[in-house]
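[1] Sequence first, then the predicted structure:
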Amino acid sequence: MSKLFKKTLLVVIGLFGLISVSVSVLSGWYIHSGMNQEFEVKGRSIASIISDASITPLLSENYATLQSMIDQYMHIVGVSYILVTDADNTPVAHTFVPAIPDHVHQLLKSPVALDAAGRTEVARARLVDSADHINLVTPILGGLAGHVAVGMDKSIIRNQITSILLQQQVIIILLLLFSILVSYLLINRISRPLALLNRHAEKLAETEIDRLHEIQSEIEPIASGSRDEIGALAQSFIYMEKALDASVRRLARNIASQERIKTELVVARDIQMRILPATAALQSMSIGTQVDALIQPAKEVGGDLFDCFYLPDKQMPDPAGDGQAASKRLFFAIGDVSGKGVPSALFMSLTCTLLRSKASHYDLPNELLKAVNKDLSLINHSCMFVTLFCGILDVESGAVTYCSAGHNPPYVMSPGRGVQALECKNGIALGAMDNAEYTNHTVTLSPRDTLFLFTDGVTEAMNRQEMLYSEQRLIQVLEQHLDAPPVDLLQSTLEDIIRFAENEPQADDITMLAIQRAAAS
Amino acid sequence: MTHIKPVGLPAPADPPPAGARTVGWQLRLALIAVLIACLAQIANAQAAPDGQDPIVIGMSGAFSGTSANLGEALHSGMQAYFNQVNQQGGLDGRQLVLREYDDGYDPEPAIANTLRLVRDDRVFALMGYIGTPTVTRVLPVLQLYREDQLFLFFPFTGAQPQRQAPYLEYVYNLRPSYRQETAGLVKHLVQAGMKRIAMFYQADAYGRSGWEGVRRALEPEGLKIVAETTYARGTPYNATFMQQVEILRDAQPDVIISISAKQAAAGFIRDARDAGWDVPIANVSFVDSDSLLELLLAAGRDSPVDYTRNLINSEVVPNYLDATHSAAIEFRELMAASGFAKPGFVSFEGFLNAKLLVEVLRRMNGDIRREHIRPIMDAMSGYDIGLEEPVVFGPNRNQGLQNVYYNRVENGRFTTIEDWSQWKTDVETF
């Protein structure tokens, strides 16, 4: 038996119990009062008729006629007895077998009935209700000729009520059984597909996604068969399973493509790093200067860049043709492309390529930047930009001509004077405006002075408390390493940053470039 | 002597009409025998040259139920006499036909039967009705047909209503009344010293008639009924009457007057005697003494108790075994030859009824019309019907006989009570 049916059964039985009780009480009451009233009226009429008809036989003492007359009324349903007394209150005709009961004798104790006004009641019946009878006592000629007592049998009323109530109960029980049968059939029709759906749902959890269609067939008849909520539920199941299937397939495809992209990004990063000059190459450029650079890439491909190479000397063509031995001008640059990801990486590659290809064509950094800016602006439809600091160091004189396009100013570290930020009028970042102008500045590095360039990945490195590494802390580190060779300087700075960050994931590329003039010879 | 089944009597093969008497098997056999034996004579009668209509007399009575004995007995006495008359050529060539219907001793069928007899069967007169509750209800029907001079002859009841206004003029009674029966009983009993009289009676007009008679007879003596109890009409012999016995015994009466039918009377006597109560019990004529005795004798055969002791029976006809009455001799001879049931008090009454009716019809001298009835009855001032007492009718006198007879049972037979003082002795020794 399903739980649903048990509950319904209890409710149905409860309801029928309620109906049965209320109907029985109501109809019992109605029948009782109705029949009581009817019996009273009947008894009154009979008593009154007998009272009138008794006068002549009573006065002529013709009791056989009187008896014959009252016997006729015994056929009327409900009449239990009739008794006629004479003026002395002696019974002269009655229908009792075997004798007149005492309680009926008692009824006749008050021979003359008086009405409310104290007058003699001529023929009005007096009602006396006893356990078994409705007794109606009527005076004959105001009691002077005698009395008539008519008893109406209450047991008939009781039997009638019992019989009607029994019939009602039988009908109600039949209806109850019928209702139980109907609700059993109905609930079975509801609960069977529900149970099937329930089993289906349990199976669903254990079934491989790609085999869903195999178990779907078992609920399809419910979905197509019934148009009620159950059918709708089954349809929802099927719809859900189809959607689940489609979604899982899509997800699988996405995962596959993401994997591919990831691989591609690794390759891209690798390529990007190869665009930048290798550390070994930088360290080997030591003609009176030591150069070192360090780039600590963040997880994704990013947009930091740096470069450093000797410009060809225009006055003295390069006899070896490699552009290095004869040149005295060292070009250096550091930059940071806005944003992250593949577009930034591409933009960075583009910037690097433009810088390399154009650097030899311009003597002054601002002209170079202007040209690179123009090219970048022309093809920059994605509104990307790159901050860049670049300069040219005369390795013999130590004179540096530099120019900034929205980049952090680098520091000059001098064993004698400490750490100082390079004064610089900041231009607009490259790629933002095609006709931007940039201003050149100059500074002269003393022997053993170090020029320290960096991107905001250094100063904006963040620890767990979301505090920034800051320029103050950077300056402190730099001040401790005024005399250190660039390799050590960059390594110590990176270690300090890592200490500060306390294993927090790195948000941006950390790029540093250090150029140190050799001691005076 | 063979008896003719008169023309017009419903043949046994006829389907009985609703409410018609259910013929007892003995009677049916007898009728069939008569029919077979007399086919030729019936044919002759039918082919009578004058071909006059029969004189049809209507009867409604108890042929079923607890009082069926009365109907059978009364009918047999009447029919036996009619058969004799018919056999002797009828009345001026007209046959006498008795048309009888069963009312089971119930008032409603009695009324229905009467209307049927008058309207459908167009009877000349009504006769031989049985019982007070039935007759008292039929009386208004007679009043209804007073213009047609419809008379009821000799009903088998001693009740008062048909002996007094307003029905005095529609009924002729032959038998003395219950008042006379009970008055005689009371007189004799009181004279014998039995003053504490209790009553056992049927709860209807019959019982009330007897009760009224006893009450009326006790009044001049300054006595009252010391206790009374009733039973329902139709109560059979095998029912218990212990309640009634106890009610009466509590009052310690000297004697009980029983106004009852055979079966209840026998049942009451049985229960009283079985309870060891030997009080004298007096019954009236309606009880059908012969049937009562038969029941009590049968009961006594299986019991050490003699149920016939201390019984007094009042009768409205003399003992039919008494040879002092010529009518009794004539009756016994007729019954012996008729093939009907054996004679008894009730069939004797039926015989006397039929004999008197035939006398009335004879006095019409062939002009049989209802208009002649009243003058003939008014003029009947001493017809000798064969009893010691002449039959006397007259204006305002509608009862022909006055004598009441008292019997007791001796050796299983009824004998006339000569000395009432014996009862007193019995009571005292009790």
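    Yep, that arrived.
[2] C-alpha from now on. contacts and neighbour counts both.
    Will do.
[3] I figured residue A:91 hits residue A:84, correct?
    Yes: distance between residue A:91 and residue A:84: 5.7 Å, which falls inside the contact criterion (CA atoms under 8 Å).
[4] More neighbours: these two, which one.
    When residue A:91 is set against residue A:84 and neighbours are counted by other CA atoms under 10 Å in any protein chain shown, the residue ahead is residue A:84, at 30 against 17.
[5] Please look at that one and residue A:96 and confirm they touch.
    No: with contact defined as CA under 8 Å, residue A:84 does not reach residue A:96; the gap is 11.3 Å.
[6] For residue 107, give me its contacts.
    Assuming you mean chain A. Contacts were defined as CA atoms under 8 Å, 6 or more residues apart in numbering or on different chains; by that measure residue A:107 touches A:128, A:137.
[7] not what I meant, chain B
    With CA under 8 Å, 6+ apart as the criterion, the residues that contact residue B:107 are B:133, B:134, B:135, B:137, B:138.
[8] Put together CSV for these, with secondary structure and pLDDT on each row.
    Written out in CSV, the entries for the contacts of residue B:107 read as follows (DSSP: H, G, I helix; E, B strand; the rest coil; pLDDT from 0 to 100):
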residue, secondary structure, pLDDT
B:133, helix, 93
B:134, helix, 95
B:135, helix, 95
B:137, helix, 93
B:138, helix, 95
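[9] Tabulate these in TSV, adding columns for distance to chain A and neighbour count.
    What follows is the contacts of residue B:107, written out as TSV (distance: CA to the nearest CA, whole Å; neighbours: other CA atoms under 10 Å in any protein chain shown):
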residue	distance to chain A	neighbour count
B:133	6	29
B:134	9	26
B:135	10	28
B:137	7	21
B:138	11	22
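[10] Residue numbers of the stretch 51-200 of chain B in contact with chain A?
    Counting by CA under 8 Å from any CA of the partner chain, the residues of the stretch 51-200 of chain B close to chain A are B:133, B:136, B:137, B:159, B:160, B:161.
[11] Give me the pLDDT value at the closest residue to residue A:156 other than its chain neighbours.
    By the measure of CA to CA, 6 or more residues apart in numbering or on different chains, the closest residue to residue A:156 outside its immediate chain neighbours is residue A:78, 6.5 Å from it. In the prediction, the pLDDT value recorded for residue A:78 is 91.
[12] where exactly do the helices run in the stretch 151-300 of chain B?
    B:178-191, B:205-218, B:242-250, B:262-274, B:289-301 (DSSP state H, counting those that start in this stretch).
[13] Give me whichever of those helices is most buried.
    Among the helices of the stretch 151-300 of chain B, ranked by average contacts under mean count of other CA atoms under 10 Å in any protein chain shown, first place goes to helix B:205-218 (a mean of 26).
[14] That one vs helix B:178-191, what angle?
    40 degrees (axes from the mean of the first three to the mean of the last three CA atoms, to 10 degrees).
[15] Show me what helix B:205-218 is in contact with.
    When contacts are taken as CA under 8 Å, 6+ apart, the neighbours of helix B:205-218 outside the stretch itself are A:63-68, A:93, B:131-133, B:136, B:158-160, B:178-180, B:182-183, B:186-187, B:199, B:201-202, B:224-225, B:259-260.
[16] what's the offset of the least confident helix or strand in chain A by mean pLDDT from the middle of its chain?
    Each helix and strand of chain A was given a mean pLDDT (mean pLDDT, DSSP states H and E); the minimum falls on strand A:126-129 at a mean of 71. Shown here is strand A:126-129, whose average C-alpha point lies 77 Å from the average C-alpha point of the whole chain (CA atoms, centre = their mean, to the nearest Å).
[17] so how far is residue A:479 from residue A:493?
    11 Å (CA to CA, to the nearest Å).
[18] before we move on, back to that, now for the least confident helix or strand of chain A, which elements pack on it?
    Helices and strands in packing contact with strand A:126-129 are listed as strand A:133-140; criterion 3 or more CA pairs under 8 Å, 6 or more residues apart in numbering or on different chains; DSSP states H and E.
[19] how about the strands of the stretch 1-150 of chain A, start to end?
    Ranges of strands within the stretch 1-150 of chain A are A:79-85, A:91-94, A:126-129, A:133-140, A:146-153, based on DSSP state E, counting those that start in this stretch.
[20] which stretches of chain A have low pLDDT?
    Across chain A, the stretches falling below the confidence threshold (pLDDT under 70) are A:1, A:109-126, A:286-287, A:300, A:314-326, A:521.
[21] for chain B, what are the nearby residues on it?
    Within chain A, the positions near chain B by CA under 8 Å from any CA are A:62-68, A:71, A:93-99.
[22] Between which two of the residues you listed is the distance greatest?
    Using CA to CA, the pair of the residues of chain A next to chain B lying farthest apart is A:62 and A:98, separated by 22.2 Å.
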